[in-house]
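Student: curious how this folds, go ahead:
(4 chains)
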2 protein chains.
Amino acid sequence: MKRVTIHDIAKELNIAFSTVARALNDHPAISEATKKAVRETAKRLNYRQNKLASSLRSGHTNTIGIMVPSLDVSFFSSVVHGIEKIMNANGYSILLYQSNEQYKSEKNGIETFLNSRVAGIIASVAKETTKFDHFLEIKKRSIPLLFFDRAVDELKVPSVTTDDYKGGFIATEHLIKQGYKRIVHITSGKNIGIFNERLRGYIDALKLYNIPVDESLILNGDFSLEFGRQCIVDLRQLQIKYDAVFALEDYTAMGVLQQLLTYKVRVPDEVGVIGFANEAFTALVTPGLSTIDQQTTQMGESSAELFLEMLKSEDLYNNLPERVVLDPHLIVRSSSQRLSAF
Amino acid sequence: MKRVTIHDIAKELNIAFSTVARALNDHPAISEATKKAVRETAKRLNYRQNKLASSLRSGHTNTIGIMVPSLDVSFFSSVVHGIEKIMNANGYSILLYQSNEQYKSEKNGIETFLNSRVAGIIASVAKETTKFDHFLEIKKRSIPLLFFDRAVDELKVPSVTTDDYKGGFIATEHLIKQGYKRIVHITSGKNIGIFNERLRGYIDALKLYNIPVDESLILNGDFSLEFGRQCIVDLRQLQIKYDAVFALEDYTAMGVLQQLLTYKVRVPDEVGVIGFANEAFTALVTPGLSTIDQQTTQMGESSAELFLEMLKSEDLYNNLPERVVLDPHLIVRSSSQRLSAF
DNA sequence: TTGAAAGCGCTAACAA
DNA sequence: TTGTTAGCGCTTTCAA
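Tutor: Now for the predicted structure:
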């Protein structure tokens, strides 16, 4: 199939190729008659605009880059789902990259984005990343950059995040109100402060309710289902007493839950459990896993909308970056709802 | 930040810009000394190749389009995860589109892919799609097209799918071997034959074990958690007796499970349940949901690998399309494992 | 080993 | 309302 260009259409109609271009772009100066003829011929010849040429010449693309750690985490795929939907509806295409939590991969992806002359980049930072030169370069080139969830504060870039402090607070407060006294918190030093915020919320909630902060109840490490199980095993081995666990995210909480069930510990009667993120599975497991909803739909939509504004704005990085902070919602399910509370 | 081009580098070094281009592309005819100088200057000036220009001139991109129904379904996001990983490692970028199960959206996406001059397209067809003109055009343009999971047989295009017939068969056989006699199957006329294959497997398994095929036990409709619940409600209303349900996919099976639990029906003692797809949540719910694993990782990798071959091949659509059919694996969990079987 | 020159398909300024 | 022309940044042929 031979490539059809505007020149072919022009030849067919005996008009200038620039007229064809204008007609196809619905330029106001072109007569309806010409437009009609052009469109018909285009259709007949099966013409397709070459976006490469158009973008090269005009100097802008309608492609945006999205960088996420992994689509295998439903939180991210869900946000990407939302972003794609809206950007798509606004005429943008999505170039997708997964960092798989690696700095190197993230950097490569960003470079490809830049080489592809994307109109902007939306990113959530990899677990491993501690240097931000690649993100800085985006900014230097005045290309819109927006972080969601895992943002880098020091870069002074717009972001859409959850109020993690509040999330940590309300999760802990909920456990306290259910009568739990010795609340374990699993946290991780990794990753851009969001886990620190959740930890801060946990501590402040305890303080507010005059519950002493016991360092032995704060477990610092990784996050994964496996790590959650391990925490429960460790607590037992160390003979540390506790009656609730607030895990930094749902997979870890699920590991906690599973290991507790393995030990025949009654949840929520003996030990209450709450996670963070409202992953799809939390509503489906038994007992249902209490969690903090991060409004992934809202996050995707807000990200896309804020980003659309950025794409329009002129002096992008001159005024202070806009920070959208979404309200976390407490989702109470069986894993933390003591019957005695009624 | 001014855009740096090969001309700037050439000026800086007092050589021809075409020499710079060759040096950057590691052309064998260029001396090491020149290459070194060019690379250094490029780095110093913060040069980035403009892929648009390069692709426009050379006539090929290293971008491929991936079209999926929705990233909110873990099966798809997981396969995309796998494809992206491998294509990425092979120097390809991913343009992503979600059809959200709509024909119109799918068609639009494919058009954008074509306009963007993607090197090839990997797709899984939308629920709603019954006309395939958009896919046909890809083929007409001799652009590599590969289907995964939801393929369109009549288009004679390479595909990577699960052996759905076998999946349906082993799911049903498993239920039979667990002693279930009146096995409901929920199916859907929608979607490219895969559900028909599962249905065929179901029927043949029943026949093999001399269990009469009862039309009243075959429920044809949609697929969703809600629909699964509805089926159980309907069966009760119609007073149809059954002791097991094989649902066409996991969300539907989950709906079945939930509604059975709502009715206080004991699973798996009174009724056994099995789904299809091995969605992430199936391992985490209680009782664990038996299912058929479709090897998403394998599917992603196989798709990417087969696709890489297609990208290299010359006479793409002249020989018969390669069809990779992956073996489904039976995953037995509590929802279909009768204690009495031990 | 390097340079000169053409041109990929389009947009947009200028001219008619 | 339409045509002419230049040129986006690169690849690639031909010549030196």
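Student: tell me where the stretch 151-300 of chain A has strands.
Tutor: Here the stretch 151-300 of chain A has its strands, by DSSP state E, counting those that start in this stretch, at A:159-162, A:183-187, A:218-220, A:244-247, A:272-274, A:291-293.
Student: now do the fifth one: everything it contacts.
Tutor: Contacts of strand A:272-274 with the rest of the structure, by CB atoms under 8 Å, 6 or more residues apart in numbering or on different chains, involve A:171, A:174-175, A:178, A:180, A:243-247, A:253, A:256-257, A:260, A:267, A:289-292, A:335-338. Every residue, glycine included, has its C-beta placed from N, CA and C.
Student: re the thing from before, a markdown table for the strands of the stretch 151-300 of chain A, including distance to DNA strand C and mean pLDDT?
Tutor: Converted to a markdown table, these look like this (distance: least, CB to the nearest atom of the strand, whole Å; pLDDT from 0 to 100):
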| stretch | distance to DNA strand C | mean pLDDT |
| --- | --- | --- |
| strand A:159-162 | 31 | 94 |
| strand A:183-187 | 51 | 97 |
| strand A:218-220 | 54 | 96 |
| strand A:244-247 | 52 | 98 |
| strand A:272-274 | 53 | 98 |
| strand A:291-293 | 43 | 96 |
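Student: most packed of the ones you listed?
Tutor: strand A:244-247 (a mean of 29; mean count of other CB atoms under 10 Å in any protein chain shown).
Student: partners of it, with directions?
Tutor: strand A:183-187 (parallel), strand A:272-274 (parallel) (DSSP bridges).
Student: returning to what we had before: type out the ChimeraX command that picks the buried ones from the contacts of strand A:272-274.
Tutor: In ChimeraX, this line selects whichever of the contacts of strand A:272-274 come out buried by 16 or more other CB atoms under 10 Å in any protein chain shown:
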select /A:171,174,175,178,180,243,244,245,246,247,253,256,257,260,267,289,290,291,292,335,336,337,338
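Student: per-residue pLDDT, A:Ile192?
Tutor: At A:Ile192, the model reports a pLDDT of 61.
Student: related to what we said a few turns ago, which one of the strands paired with strand A:244-247 lies nearest to DNA strand D?
Tutor: Comparison of the strands paired with strand A:244-247 against DNA strand D by CB to the nearest atom of the strand identifies strand A:183-187 as nearest, at 45.9 Å.
Student: please enumerate residues in contact with that closest one?
Tutor: Contacts of strand A:183-187 (CB under 8 Å, 6+ apart): A:172, A:175-176, A:195-196, A:198-199, A:202, A:206, A:211, A:217-221, A:223, A:227-228, A:231, A:235, A:242-248, A:252, A:256.
Student: which of these fall in helices?
Tutor: If you go by DSSP state H, these have A:172, A:175-176, A:195-196, A:198-199, A:202, A:206, A:227-228, A:231, A:235, A:252, A:256 in helices.
Student: figure out which of the strands of the stretch 151-300 of chain A is closest to B:Asn318.
Tutor: strand A:159-162 (49.3 Å; CB to CB).
Student: so what strands line up beside the closest one?
Tutor: strand A:145-148 (parallel), strand A:323-326 (parallel).
Student: report how many residues lie close to A:Glu309.
Tutor: A:Glu309 is flanked by 12 other residues according to other CB atoms under 10 Å in any protein chain shown.
Student: please apply the same query to A:Asn46.
Tutor: 12.
Student: now do it, the pLDDT please.
Tutor: On pLDDT, A:Asn46 comes in at 93.
Student: ok, the one 5 residues further on next?
Tutor: At A:Lys51 the predicted local distance difference test score is 96.
Student: state the phi and psi torsions of it.
Tutor: A:Lys51 has phi and psi values of phi -70, psi -30 when expressed as degrees, to the nearest 10.
Student: quick one on the thing from earlier: CSV for the strands of the stretch 151-300 of chain A, including distance to DNA strand D?
Tutor: Compiled in CSV, these are given as follows (distance: least, CB to the nearest atom of the strand, whole Å):
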stretch, distance to DNA strand D
strand A:159-162, 30
strand A:183-187, 46
strand A:218-220, 47
strand A:244-247, 48
strand A:272-274, 52
strand A:291-293, 46
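Student: so A:Phe169 makes contact with A:Gly201?
Tutor: Yes: counting by CB atoms under 8 Å, A:Phe169 does reach A:Gly201; the two are 3.6 Å apart.
Student: so what's the nearest residue to A:Asn278 once chain neighbours are set aside bridging to?
Tutor: Nearest residue to A:Asn278, sequence neighbours excluded (CB to CB, 6 or more residues apart in numbering or on different chains): A:Asp293, at 3.9 Å. Assessed by DSSP bridges, A:Asp293 has beta-bridge partners A:Ala277, A:His329.
Student: dump the residue contacts of A:Asp293.
Tutor: Taking CB under 8 Å, 6+ apart, one finds A:277-278, A:328-331 in contact with A:Asp293.
Student: show me which of these is closest to B:Glu32.
Tutor: Nearest member of the contacts of A:Asp293 to B:Glu32, counting by CB to CB, is A:Ala277, at 52.5 Å.
Student: residues contacting the closest one?
Tutor: Contacts of A:Ala277 (CB under 8 Å, 6+ apart): A:75, A:249-250, A:291-294.
Student: what's the domain layout of chain A?
Tutor: By the assignment in automatic domain parsing, chain A contains the domains A:6-49, A:59-162+A:296-326, A:164-294.
Student: now the end-to-end length of the second one.
Tutor: So that's domain A:59-162+A:296-326. Domain A:59-162+A:296-326 has its terminal residues 35 Å apart, counting by CA to CA, to the nearest Å.
Student: now do stretch A:86-99
Tutor: Stretch A:86-99 has an end-to-end distance of 23 Å (CA to CA).
Student: what's the separation between whatever residue of the stretch 101-250 of chain A ends up closest to DNA strand C and B:Leu52?
Tutor: Scanning the stretch 101-250 of chain A for the residue nearest DNA strand C gives A:Arg117, at 12.9 Å (criterion: CB to the nearest atom of the strand). Counting by CB to CB, to the nearest Å, the gap between A:Arg117 and B:Leu52 amounts to 6 Å.
Student: and the gap between whatever residue of the stretch 1-150 of chain A ends up closest to chain B and DNA strand D?
Tutor: Distance from chain B to each residue of the stretch 1-150 of chain A (CB to the nearest CB) is smallest for A:Ser77, at 3.7 Å. Look at A:Ser77 and DNA strand D: by CB to the nearest atom of the strand, to the nearest Å, they are 34 Å apart.
Student: and whichever strand or helix holds that residue, what does it pack against?
Tutor: Using DSSP states H and E, A:Ser77 sits within helix A:74-89. Helices and strands touching helix A:74-89, by 3 or more CB pairs under 8 Å, 6 or more residues apart in numbering or on different chains; DSSP states H and E, are strand A:63-68, strand A:93-98, helix A:296-312, helix B:74-89, strand B:93-98.
Student: hmm, the first one in reach of DNA strand C?
Tutor: So the one you mean is strand A:63-68. No: under the criterion of CB under 7 Å from any atom of the strand, DNA strand C is not reached by strand A:63-68; the shortest gap measures 14.9 Å.
Student: which residues does that strand contact?
Tutor: When contacts are defined by CB under 8 Å, 6+ apart, strand A:63-68 is touched by residues A:76, A:79-80, A:83-84, A:87, A:92-99, A:106, A:109-110, A:112-113, A:116-124, A:307, B:95-96, B:116.
Student: pretty sure A:Val79 sits against A:Ser302.
Tutor: No: applying CB under 8 Å as the test, A:Val79 and A:Ser302 come out as separate, 9.9 Å apart.
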